[in-house]
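Trainee: Next come a sequence and a model predicted from it.
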Amino acid sequence: MKKLIYSFAVLMAFALTATQATAQIQTPAPSPAAELEQTVGLTEIEIEYSRPGVKGRTIFADDGLVPYGKVWRFGANAATKFAFDKDVVVSGVEMEAGEYAVLCMPAKDEWKLMFYPYESGSWGSYVEKDPAATITLEPMMSDDMVERMRFTVENMDMDGADIVFAWDKTKLEIPVEVHTAKQVEASIKEVMGGPTPNDYYAAASYYHERGENMDQALMWIKKATDVDNPRFWQVRRKALILADMGKTKEAISAAKMSMELAKKAGNDDYVRMNKASIKEWSMK
């Protein structure tokens, strides 16, 4: 019994030692991570960055923490990321929807911002690459001191906003235009124009799979395929519906059409399926 108690005590001591060896002390990050999300018009803007503090230091100067004329990661720890879910215009420069690593080069009278397709937070990996876009902005001095660097979205309306950078007594406004009017017009045309061929195809497929309302399914699949550029898989569905309705001659004609479209698209599976169906239906 004593041996058993002793063994248990040794085991517990070992477990405690192992736990202490793997445990890590957690402390706050000197430059905490932050995320900003804002919808402008119909466009989502997201910014991921880290927020360094002034801590009594000189920030922007020839001999400052962020020296003039040197590339800076626009924050701390990693490259700052800007993301737009739709195309935008940043300070007059057209930019495609996507994620960008943003580096900058501060100077007393002018800042240069470089936007790179985002690959990782390793900001040094972008320095030797050509940016997708470059803009120049005039910095402003503020009477209010901002201890921790921050981004905000200000002066917002349906057509744009300013991404505002502020740290210490330096402020930078990055104008962003969004294409709200064009996006709304496209949405109006899509909705008011009625169902798309894909909508008709989905509805026809649903009824066909259930074996219900076949006349309605045929009407819808015809709307899906009676277009300038019908899709081979949609014409295939038309052939199957016609065959199940006993319209064999029309089904064979549709299958031949689907097969030719599949050949052009390089889809061997649909070519093979249509060949088999044509052979089967021709024997009826």
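Mentor: Alright, I've got the coordinates. Since the structure is predicted, the reported quantities are computational estimates derived from the model, not experimental observations.

Trainee: Would you list the phi and psi of residue 27?
Mentor: Note on residue 27: its backbone torsions stand at phi -130, psi 150 [degrees, to the nearest 10].

Trainee: and the gap between it and residue 224?
Mentor: Distance of residue 27 to residue 224, computed by Cβ to Cβ, to the nearest Å: 61 Å. (Each C-beta comes from the backbone N, C-alpha and C, glycine too.)

Trainee: and these two? which has more neighbours close in?
Mentor: Comparing residue 27 with residue 224 by other Cβ atoms under 10 Å, the one with more neighbours is residue 224, at 24 against 6.

Trainee: any idea which element the more buried one lies in?
Mentor: helix 214-225 (DSSP states H and E).

Trainee: Show the average pLDDT along that helix.
Mentor: Across helix 214-225, pLDDT averages out at 95.

Trainee: try stretch 271-284
Mentor: 94.

Trainee: same question, stretch 244-258
Mentor: The model assigns stretch 244-258 a mean pLDDT of 96.

Trainee: Same check on stretch 169-184?
Mentor: Here the average pLDDT along stretch 169-184 is 95.

Trainee: What's the separation between residue 49 and residue 90?
Mentor: Distance from residue 49 to residue 90, by Cβ to Cβ: 16 Å.

Trainee: neighbour count winner among the two?
Mentor: residue 49 (25 against 21).

Trainee: correct me, but the more buried one touches residue 82?
Mentor: No - Residue 49 lies out of contact with residue 82 (Cβ atoms under 8 Å); the separation is 9.1 Å.

Trainee: Give me the spatial nearest neighbour of residue 118, chain neighbours excluded.
Mentor: residue 99 (3.8 Å; Cβ to Cβ, 6 or more residues apart in numbering).

Trainee: element containing the one you found, please.
Mentor: Using DSSP H and E, residue 99 falls in strand 98-105.

Trainee: likewise residue 168?
Mentor: strand 160-178.

Trainee: related to what we said a few turns ago, tell me how far the helix holding residue 224 lies from the chain's centre.
Mentor: 35 Å (Cα atoms, centre = their mean, to the nearest Å).

Trainee: Then stretch 81-90?
Mentor: Using Cα atoms, centre = their mean, the offset of stretch 81-90 from its chain centre is 10 Å.

Trainee: Give me the buried stretch members for it, please.
Mentor: 81-82, 84, 86, 88, 90 (16 or more other Cβ atoms under 10 Å).

Trainee: Repeat that for stretch 244-252.
Mentor: Judged by neighbour count using 16+ other Cβ under 10 Å, the buried positions of stretch 244-252 are 250-252.

Trainee: Thought residue 168 was touching residue 144, still the case?
Mentor: No - between residue 144 and residue 168 there is no contact under Cβ under 8 Å: 10.1 Å.

Trainee: So between the two, which is more surrounded?
Mentor: In this view residue 144 and residue 168 are compared by other Cβ under 10 Å, and residue 168 has more residues nearby, 20 against 7.

Trainee: who are the neighbours in contact with that one?
Mentor: 54, 59-60, 145-146 (Cβ atoms under 8 Å, 6 or more residues apart in numbering).

Trainee: for residue 268, same thing?
Mentor: Residue 268 touches residue 262, counting by Cβ under 8 Å, 6+ apart.

Trainee: what does residue 71 give?
Mentor: Residue 71 makes contact with 103-105, 114, 127 under the criterion Cβ under 8 Å, 6+ apart.

Trainee: ok, of those residues, which come out buried?
Mentor: Applying 16+ other Cβ under 10 Å to these flags 103-105, 114 as buried.

Trainee: Same list, these, but as a markdown table with distance to residue 257 and pLDDT please.
Mentor: As requested, the buried ones among the contacts of residue 71 are exported to a markdown table (distance: Cβ to Cβ, whole Å; pLDDT from 0 to 100):
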| residue | distance to residue 257 | pLDDT |
| --- | --- | --- |
| 103 | 54 | 96 |
| 104 | 57 | 95 |
| 105 | 60 | 96 |
| 114 | 52 | 97 |
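
Trainee: Tabulate the residues you listed in JSON lines, adding columns for distance to residue 262.
Mentor: Below are the buried ones among the contacts of residue 71 laid out as JSON lines (distance: Cβ to Cβ, whole Å):
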{"residue": "103", "distance to residue 262": "48"}
{"residue": "104", "distance to residue 262": "52"}
{"residue": "105", "distance to residue 262": "54"}
{"residue": "114", "distance to residue 262": "46"}
